[in-house]
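[1] pasting the sequence and the predicted coordinates here, then a few questions.
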Amino acid sequence: MHPNTVQYRLKRATEICGGDATDTREAYVLSTAITLGRLRDAGLWRDNGFQQV
């Protein structure tokens, strides 16, 4: 993948999520959320309705 593509996607992720995708912890959270979304879309994971307080 071209470095400009990575930079663009990180920028878009930051704009959409409101976090800093270059921060290690936030990048991990974003990566986990993307993985869970993909699993859900593939029918391999189901949201149990848990809501953070």
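    Yep, it's here.
[2] what about the helices in this protein?
    Shown for the chain, the helices assigned by DSSP state H span residues 3-17, 24-41.
[3] tell me the buried residues in the shortest one?
    What that stands for is helix 3-17. 13-14 (16 or more other Cβ atoms under 10 Å). C-beta: built from backbone N, CA, C; applies to glycine.
[4] grab the nearest non-local neighbour of Gln17.
    Not quite, residue 17 is Cys, not Gln. Setting aside the residues directly before and after it, Cys17 is nearest to Leu30 in space (Cβ to Cβ, 6 or more residues apart in numbering), at 6.3 Å.
[5] sorry, back to before: now mean pLDDT too, for the helices of the chain, in a markdown table please.
    Converted to a markdown table, these look like this (pLDDT from 0 to 100):
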| stretch | mean pLDDT |
| --- | --- |
| helix 3-17 | 83 |
| helix 24-41 | 86 |
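[6] redo those helices as CSV? Include distance to Asn48.
    Listed next are those as CSV, based on distance: least, Cβ to Cβ, whole Å:
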stretch, distance to Asn48
helix 3-17, 22
helix 24-41, 11
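[7] return the residues in contact with Glu26.
    The contact partners of Glu26, taken as Cβ atoms under 8 Å, 6 or more residues apart in numbering, are 19-20.
[8] which ones are touching the residue nearest the centre of the chain?
    For the chain, Leu30 is the residue whose C-alpha lies nearest the centre (Cα atoms, centre = their mean; 3.0 Å). With contact taken as Cβ under 8 Å, 6+ apart, Leu30 is in contact with 13, 17, 19, 21.
[9] what separates the last one from Gly43, distance-wise?
    I take that to be Ala21. Relative to Gly43, Ala21 is positioned 27 Å away (Cβ to Cβ, to the nearest Å).
[10] who has more neighbours, the two?
    Higher neighbour count among Ala21 and Gly43: Ala21, with 18 against 7, using other Cβ atoms under 10 Å.
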